[in-house]
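K.L.:
mind folding the following:
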Amino acid sequence: MARALVTGATAGLGRAFAGRLAEAGWDLVLVARDAQRLGQAAKELRRYAVDVDVLPADLDDDEDLGAVERRLGDDAEPVDMLVNNAGFAIRRDFMASSVDDEDRMLRVLVRAVLRLTHVAVHAMVRRGQGVVLNVSSVAGFAPQSTYNAAKAYVTTLTESVATDLHGTGVHVMAVCPGYTHTEFHDRAGIDKSNMPGVLWLDVDQVVDGALADLRRGKVVSVPTLRYKLVAAGARLAPRALVTAVSSRLGRG
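P.N.:
Numbering: from 1, shown residues only. Here you go, the predicted model:
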């Protein structure tokens, strides 16, 4: 039976991806910092009669990150899909935040994604098949913050790796949602009151759209027509206009 490893698996998009995959019969390895929440998520997902292992890990910690890397590289119990979902944002602007906070965010959003993707695709190429989904954001199309810059990196890295993997049987895809109803903004203390209601998505819209795009062989998945238009506008509009609009709306 196929196995997927999902980071940030206890809430939001990570939990939704894990649920959809379990429903489809995938065994799971759940990764998150909170061991108690991991255990609860695993208990809930086992109702689909799949094997669910838990791996408590803080991806900002080198030892913990190394444990996840070793699990991904284990050919005895291969991981057929990696969902790189773990992440967070900080509320303060660049000039008001501490360099340690900015650095920690980069370690989780960029360094961990780089390392886990690298390990996963090498193991998958050895076996001739596999999938990596890197959860990015439409925020990566707009210059605003370290968070946006990190997501731009994730999308660009994914597109680059996809080219390298052509013909190997391994596929990578960046998932670029917009504002999504999860714990993300609340945990970061970000004010959501200035964000238009029409821009909000449910996690199922993002996950179902991503899995449909994966079946189509896409490399970048932007869920819903409204966000496809947002992404196209961010890429084509003058950068000064994109910067002004994204600064007004806040992080997506």
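K.L.:
which stretches of the stretch 151-252 of the chain form strands?
P.N.:
170-175, 220-221 (DSSP state E, counting those that start in this stretch).
K.L.:
I'd like those strands as CSV, with mean pLDDT, mean neighbour count and distance to residue 55 appended.
P.N.:
For the C-beta atoms, the positions are set from N, CA and C on the backbone; glycine is no exception. Formatted as CSV, the strands of the stretch 151-252 of the chain follow (pLDDT from 0 to 100; neighbours: other CB atoms under 10 Å; distance: least, CB to CB, whole Å):
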stretch, mean pLDDT, mean neighbour count, distance to residue 55
strand 170-175, 98, 25, 21
strand 220-221, 96, 20, 26
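K.L.:
out of those, flag the one nearest residue 133.
P.N.:
strand 170-175 (5.5 Å; CB to CB).
K.L.:
low pLDDT regions in the stretch 151-252 of the chain?
P.N.:
Low-confidence segments of the stretch 151-252 of the chain (pLDDT under 70): 181-199, 233-234, 236-252.
K.L.:
what are the phi and psi values at the residue nearest the centre of the chain?
P.N.:
Closest to where the C-alpha atoms of the chain average out (CA atoms, centre = their mean) is residue 135, at 2.2 Å. Main-chain dihedrals, residue 135, degrees, to the nearest 10: phi -80, psi 110.
K.L.:
separation between it and residue 235?
P.N.:
19 Å (CB to CB, to the nearest Å).
K.L.:
what count of nearby residues applies to residue 225?
P.N.:
Residue 225 has 8 neighbouring residues, counting by other CB atoms under 10 Å.
K.L.:
can I get the strands of the stretch 151-252 of the chain in JSON lines with distance to residue 68?
P.N.:
Listed next are the strands of the stretch 151-252 of the chain as JSON lines, based on distance: least, CB to CB, whole Å:
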{"stretch": "strand 170-175", "distance to residue 68": "17"}
{"stretch": "strand 220-221", "distance to residue 68": "23"}
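K.L.:
what about residue 137, how many residues nearby?
P.N.:
Neighbour tally, residue 137, other CB under 10 Å: 28.
K.L.:
likewise residue 94?
P.N.:
Neighbour count for residue 94, taken as other CB under 10 Å: 13.
K.L.:
in this structure it contacts residue 146, no?
P.N.:
Yes: at 6.3 Å, residue 94 and residue 146 qualify as touching, with contact defined as CB atoms under 8 Å.
K.L.:
and residue 22, how far from residue 57?
P.N.:
With CB to CB as the criterion, residue 22 and residue 57 are 20 Å apart.
K.L.:
hmm, residue 213 is touching residue 176, no?
P.N.:
No: applying CB under 8 Å as the test, residue 213 and residue 176 come out as separate, 10.2 Å apart.
K.L.:
now do the shared contacts for those two.
P.N.:
Common neighbours of residue 213 and residue 176, using CB atoms under 8 Å, 6 or more residues apart in numbering, are residue 221.
K.L.:
so between the two, which is more surrounded?
P.N.:
Neighbours per residue (other CB under 10 Å) separate residue 213 from residue 176, with residue 176 holding more: 28 against 18.
K.L.:
return the residues in contact with that one.
P.N.:
The contact partners of residue 176, by CB under 8 Å, 6+ apart, come to 136-138, 140-141, 151, 155, 220-223, 227, 231.
K.L.:
now the helices for the stretch 1-150 of the chain?
P.N.:
In the stretch 1-150 of the chain, the segments counted as helices under DSSP state H, counting those that start in this stretch are 12-23, 35-45, 62-72, 99-106, 112-127, 146-164.
K.L.:
between the strands of the stretch 151-252 of the chain, which one is nearest to residue 87?
P.N.:
strand 170-175 (11.8 Å).
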